[in-house]
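Undergrad: Turn this into a model:
(chains A and B)
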Amino acid sequence: MHHLVETVFRQEYARVFAALVRQLGDFDLAEDALMDAFSAALRVWPTQGVPAAPGAWLTTAARNAATSMARHRTLAAAKHELLVSPSGEAAVGPASEDFPDERLRLVFTCCHPALSLEARVALTLNALCGLPVPAIARLLLAEPAAVAQRLVRAKRKIRLARIPYEVPDGDQLAERLSGVLSVIYLLFTEGYGSTDDAPVVRAALCDEAIRMGRALSTLLPSDPEVGGLLALMLLHHARRDARTDADGDAVPLEAQDRARWDAGEIAEGLRLLDAAMARRQPGPYQVEAAIAALHATAPSWRATDWAQLAALYDTLVASQPSPSAYVARALAHGMAYQPARGLALLAQLGDGALVWAARAELQERALEDGAARASWTEAVARARNDRERRFFMQRARRVEVSGAGAADLPESAGCDRR
Amino acid sequence: MRYALLINKDEAAWAKLDDACRAKWLERYAAYGQKMMAAGILRSGAMLEHTDAATTVRQRDGKRLVTDGPFAETTEQLAGFALIEVANLDEALRWAAGHPDAEWGSVEVRPIVPWDG
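TA: Residues are numbered from 1 along each chain as shown, chains lettered A, B, ... in the order given. Below you'll find the predicted structure:
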């Protein structure tokens, strides 16, 4: 029964918490009250059964708890005023249509730019995903005490600086929404890119991020970047099973068994992307999703539409000039046209592991075995973790054994003489 | 909810401006002050003389220590403040962002501790 109560609690947490924050106007009070309601549920539900509308039950119990707590607090007067204010009217009653809006308000508070990025991530996991401190600490590879401290400080700042609990209007919405999306995408990439420690645990971050992306796309169905982000996450997530081999080593896109990609997630991602792009308001998440979509729909690595990828990366680096986007752009150009074209782009990109790996890749395609081998060795020396190092070493060995054969060339390479 | 907008900027850069340019900025400050007043949010505000006119006082063990200059040497100096009363941080940030000095200095937004409870 304890387990059941916990499951229900977890499911209802974000909705109930969001409603309480709105009614009480205070994060801490809402949290304390909700914990109190949880204890009450653990006492009552085993004997009386789980109520038909557990969310409404928890909200009512928490609100009652908050009323008596506020009475006992030093700042009781101020808070009591909030408790009896008109905004508290929707206190009792079944979970209803206005719940999604409550959560939307909460997202904008948790992801407010006046909070540090670390605080935004922790707060989002805590308030919107309902994760307790130890779980957040595991996911973020941080000390529980540090996470707890981060949360306390963030909530304190929300209260003292009066960070509003509302969806920003007009001119601010676009700017603030992009902040929310970046927190969600950060959650996703943290989980997706996790290489060394506890990959299984951190995969839960991807699930949380997708869950939030879905919630956001329900709440803001007409925003193309919201749809683009969800599409992007789904299209990447679809590849998760094929990304590692039995030993847990990374399998590059090139070598992945495409039959192991999740067809359902790809289909959903493509559908979302189409709907988003039909609105003709392009944005970086849509571009990244379009890149992922090209890979997801290509029959093989060779038969990927590299020319279109190159064009998409050109667009991407114009708005999001990240080092990894520049490397991917150079690789796409080298794959679509001549390797030399990609190599020339790489020459401007410094000395990182990914730059050397992309260079090695293109040198293999150009049949420059010796140079490719040397580049893989450089990549090995700069690898950022063990898994990456093992992968680069394996590639270096492959060049030694076989030499890069013409069979490895993509069909378009060498044909297009632009 | 009351907030202090603390305006920080590089005094040296300001000192290098020619008179016509400085006059233009002063006009903009005045206009922004008018705008805040018209919106009914400005409670108080002032532009400060440069830190070369500052004197810092500390009281230690019953002794008064007086030193020339600001409390700390920094790249930007406190140049003025505005005390505003608005609903929440988002509104305060909007007013802070609109301040002319936000374009070349920085505006720190600090909530005022409510003494009346």
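
Undergrad: all contacts plus neighbour counts: C-alpha atoms, from now on.
TA: OK.

Undergrad: Return the set of buried residues in stretch A:213-225.
TA: A:213-217, A:223-225 (16 or more other Cα atoms under 10 Å in any protein chain shown).

Undergrad: Stretch A:253-265 now?
TA: So stretch A:253-265, judged by 16+ other Cα under 10 Å, has buried residues A:256, A:258, A:261-263, A:265.

Undergrad: So which of those residues reach chain B?
TA: Among these, not one lies near chain B by Cα under 8 Å from any Cα of the partner chain.

Undergrad: okay, those in JSON lines with secondary structure next?
TA: Output for the buried residues of stretch A:253-265, formatted as JSON lines (DSSP: H, G, I helix; E, B strand; the rest coil):
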{"residue": "A:Gln256", "secondary structure": "coil"}
{"residue": "A:Arg258", "secondary structure": "helix"}
{"residue": "A:Trp261", "secondary structure": "coil"}
{"residue": "A:Asp262", "secondary structure": "coil"}
{"residue": "A:Ala263", "secondary structure": "helix"}
{"residue": "A:Glu265", "secondary structure": "helix"}
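
Undergrad: Redo the residues you listed as TSV? Include pLDDT.
TA: Formatted as TSV, those follow (pLDDT from 0 to 100):
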residue	pLDDT
A:Gln256	91
A:Arg258	94
A:Trp261	95
A:Asp262	96
A:Ala263	96
A:Glu265	96
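
Undergrad: wait, which of those residues is closest to chain B?
TA: Distance to chain B across the buried residues of stretch A:253-265 (Cα to the nearest Cα) is lowest for A:Glu265, with 37.8 Å.

Undergrad: wait, that closest one sits on A:Leu234?
TA: Yes - proximity of A:Glu265 to A:Leu234 meets the contact threshold set by Cα atoms under 8 Å, at 5.7 Å.

Undergrad: before we move on, back to that, let's see which of the buried residues of stretch A:213-225 end up in helices.
TA: Counting by DSSP state H, these place A:213-217, A:224-225 in helices.

Undergrad: how about the residues of chain B near chain A?
TA: Within reach of chain A by Cα under 8 Å from any Cα, chain B has these residues: B:1, B:88-90, B:110-111, B:117.

Undergrad: Which among those residues count as buried?
TA: When the residues of chain B next to chain A are checked for burial by 16+ other Cα under 10 Å, the buried set is B:1, B:88-90, B:110-111.

Undergrad: okay if I get those residues as a markdown table plus secondary structure?
TA: Listed next are these as a markdown table, based on three-state DSSP:
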| residue | secondary structure |
| --- | --- |
| B:Met1 | coil |
| B:Asn88 | coil |
| B:Leu89 | helix |
| B:Asp90 | helix |
| B:Arg110 | strand |
| B:Pro111 | strand |
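
Undergrad: Outline the domain layout of chain A.
TA: Using automatic domain parsing, the domain ranges for chain A come out as A:2-92, A:99-220, A:335-411.

Undergrad: And for the residue lying closest to A:Pro284 once chain neighbours are set aside, the neighbour number?
TA: Nearest non-adjacent residue to A:Pro284, counting by Cα to Cα, 6 or more residues apart in numbering or on different chains: A:Leu316, 6.3 Å away. Residues lying near A:Leu316 (other Cα atoms under 10 Å in any protein chain shown) number 22.

Undergrad: and A:Leu316, how far is that from A:Ala366?
TA: Look at A:Leu316 and A:Ala366: by Cα to Cα, to the nearest Å, they are 26 Å apart.

Undergrad: thinking again about what came up before, mind picking the one among the ones in helices among the buried residues of stretch A:213-225 that's closest to chain B?
TA: The closest of these to chain B turns out to be A:Leu216 (Cα to the nearest Cα; 21.4 Å).

Undergrad: Contact partners for that closest one?
TA: Under the criterion of Cα atoms under 8 Å, 6 or more residues apart in numbering or on different chains, the neighbours of A:Leu216 are A:104, A:226.

Undergrad: do you know how far it is from A:Glu225?
TA: 11 Å.

Undergrad: what does B:Glu76 give?
TA: As for B:Glu76, its distance to A:Glu225 is 38 Å (criterion: Cα to Cα).

Undergrad: same deal with B:Leu48?
TA: Separation of B:Leu48 from A:Glu225 (Cα to Cα) stands at 45 Å.

Undergrad: again with A:Ile136
TA: Taking Cα to Cα as the measure, A:Ile136 falls 27 Å from A:Glu225.

Undergrad: got it, and A:Ala379?
TA: Remark: distance between A:Ala379 and A:Glu225 (Cα to Cα) = 35 Å.

Undergrad: for A:Ala330, same thing?
TA: With distances taken as Cα to Cα, A:Ala330 is found 25 Å from A:Glu225.

Undergrad: Which parts of chain B are strands?
TA: Using DSSP state E, the strands of chain B run over B:2-9, B:42-47, B:55-60, B:63-68, B:77-85, B:106-111.

Undergrad: Please identify the most buried of these.
TA: Mean neighbour count (mean count of other Cα atoms under 10 Å in any protein chain shown) peaks for strand B:2-9 among the strands of chain B, with a mean of 22.

Undergrad: Rounded mean pLDDT for it, please.
TA: For strand B:2-9, the mean pLDDT works out to 96.

Undergrad: what does stretch A:176-184 give?
TA: Per-residue scores along stretch A:176-184 average to 89.

Undergrad: Tell me how many other residues crowd B:Glu103.
TA: 11.

Undergrad: Kindly apply the preceding question to A:Ala328 instead.
TA: When neighbours are defined as other Cα under 10 Å, A:Ala328 has 21 of them.

Undergrad: Quick one: residues contacting it.
TA: A:313, A:358.

Undergrad: ok so it is a helix residue?
TA: Yes - assigned with three-state DSSP, A:Ala328 falls within a helix.

Undergrad: now it: how far from A:Ala379?
TA: From A:Ala328 to A:Ala379 the distance is 15 Å (Cα to Cα).

Undergrad: Repeat that for A:Glu361.
TA: For A:Glu361 relative to A:Ala379 (Cα to Cα), the value is 11 Å.

Undergrad: For the two, indicate the residue with more neighbours.
TA: Higher neighbour count among A:Glu361 and A:Ala379: A:Ala379, with 27 against 22, using other Cα under 10 Å.

Undergrad: Contacts only, for residue 2.
TA: Using chain A. Counting by Cα under 8 Å, 6+ apart, A:His2 touches A:Leu42.

Undergrad: let's do chain B instead
TA: With contact set as Cα under 8 Å, 6+ apart, B:Arg2 has these partners: B:83-86, B:111-112.

Undergrad: Just the residues contacting stretch A:386-398, thanks.
TA: A:195-196, A:249-250, A:357, A:372-373, A:376-377, A:379-381, A:383.

Undergrad: go with 6 Å
TA: If you take Cα atoms under 6 Å, 6 or more residues apart in numbering or on different chains as the criterion, stretch A:386-398 is touched by A:249, A:373, A:376, A:380, A:383.

Undergrad: again, but for stretch B:88-108
TA: Applying Cα under 6 Å, 6+ apart, the contact partners of stretch B:88-108 are A:162-164, B:5-9.

Undergrad: same thing but 8 Å
TA: Contacts of stretch B:88-108 (Cα under 8 Å, 6+ apart): A:161-164, B:1, B:3-10, B:25, B:28-29, B:32, B:76, B:84, B:86, B:109.

Undergrad: CA atoms only for it - export them in CSV, please.
TA: Provided in CSV are the C-alpha atoms of stretch B:88-108 (Å, rounded to 0.1, in the frame of the first residue of the first chain):
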residue,chain,number,x,y,z
ASN,B,88,6.7,41.5,-8.9
LEU,B,89,10.2,40.8,-10.1
ASP,B,90,9.2,40.6,-13.8
GLU,B,91,7.9,44.2,-13.7
ALA,B,92,10.9,45.4,-11.8
LEU,B,93,13.2,43.7,-14.4
ARG,B,94,11.3,45.4,-17.2
TRP,B,95,11.8,48.9,-15.6
ALA,B,96,15.5,48.0,-14.9
ALA,B,97,16.0,46.9,-18.5
GLY,B,98,14.5,50.2,-19.8
HIS,B,99,16.9,52.4,-17.8
PRO,B,100,19.3,54.2,-20.1
ASP,B,101,22.3,53.0,-18.2
ALA,B,102,21.4,49.3,-18.7
GLU,B,103,22.7,49.9,-22.2
TRP,B,104,26.3,50.4,-21.1
GLY,B,105,26.4,49.8,-17.3
SER,B,106,24.3,47.4,-15.3
VAL,B,107,21.3,47.6,-13.1
GLU,B,108,21.1,45.4,-10.1
